[in-house]
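# pasting the sequence and the predicted model now:
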Amino acid sequence: MNKKLMKECKSKLLECKADLLNRVQDTKQGLYSDEKGGDEGDQTMRALAEAEMLHMADRLRRQLMEIEYALARIDNGNYGVCEETDEPIENDRLKAIPWTRLSIEGAEIRESHVKRRAMGGHR
């Protein structure tokens, strides 16, 4: 992988990481700033909003973990190599999704494995 692309991807990863950390912080503040009380409808709406915020926080945390993992792969020299095929990941794919672990072919292979397991191993 060329150094220019790696530098570009690392910069994008760090930007995404900062954005995600801000969004996680905003989600936490939103979760704990709501007032308590109100009628049953208010409490239900608040519970639904809290559940959605927790779901969003979980998604953000998983995304943050993927970014951290990609930054670690850059540091240890494994960045840009597909985990499924051990072949280089396409440059355009890395530019679009710099935290990806799979090439397009690797993603298709993994997806077919997941589908087979979901079907109980039949096929």
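That came through fine.
# roughly how far does residue 101 sit from residue 78?
Residue 101 sits 10 Å away from residue 78, going by CB to CB, to the nearest Å. For the C-beta atoms, the positions are set from N, CA and C on the backbone; glycine is no exception.
# phi and psi next, for residue 48.
Dihedral angles of residue 48 (phi, psi; degrees, to the nearest 10) stand at phi -70, psi -40.
# next one: residue 103
Note on residue 103: its backbone torsions stand at phi -70, psi 170 [degrees, to the nearest 10].
# got a pLDDT number for it?
Residue 103 is assigned a predicted lDDT (pLDDT) of 96.
# mind listing what residue 99 touches?
Residue 99 makes contact with 13, 16, 63, 66-67, 69-70 under the criterion CB atoms under 8 Å, 6 or more residues apart in numbering.
# part of a strand, is it?
No: assessed with DSSP: H, G, I helix; E, B strand; the rest coil, residue 99 is coil; it does not lie in a strand.
# residue ranges with poor pLDDT in this protein?
Counting by pLDDT under 70, the chain shows low-confidence ranges at 30-38, 121-123.
# repeat that with 80
Within the chain, the ranges that satisfy pLDDT under 80 run 1, 24-43, 46, 120-123.
# most distant residue from the middle of this protein?
Relative to the mean C-alpha coordinate of the chain, counting by CA atoms, centre = their mean, the farthest residue is residue 39 (37.1 Å).
# list the contacts of that residue.
Contacts of residue 39 (CB under 8 Å, 6+ apart): none.
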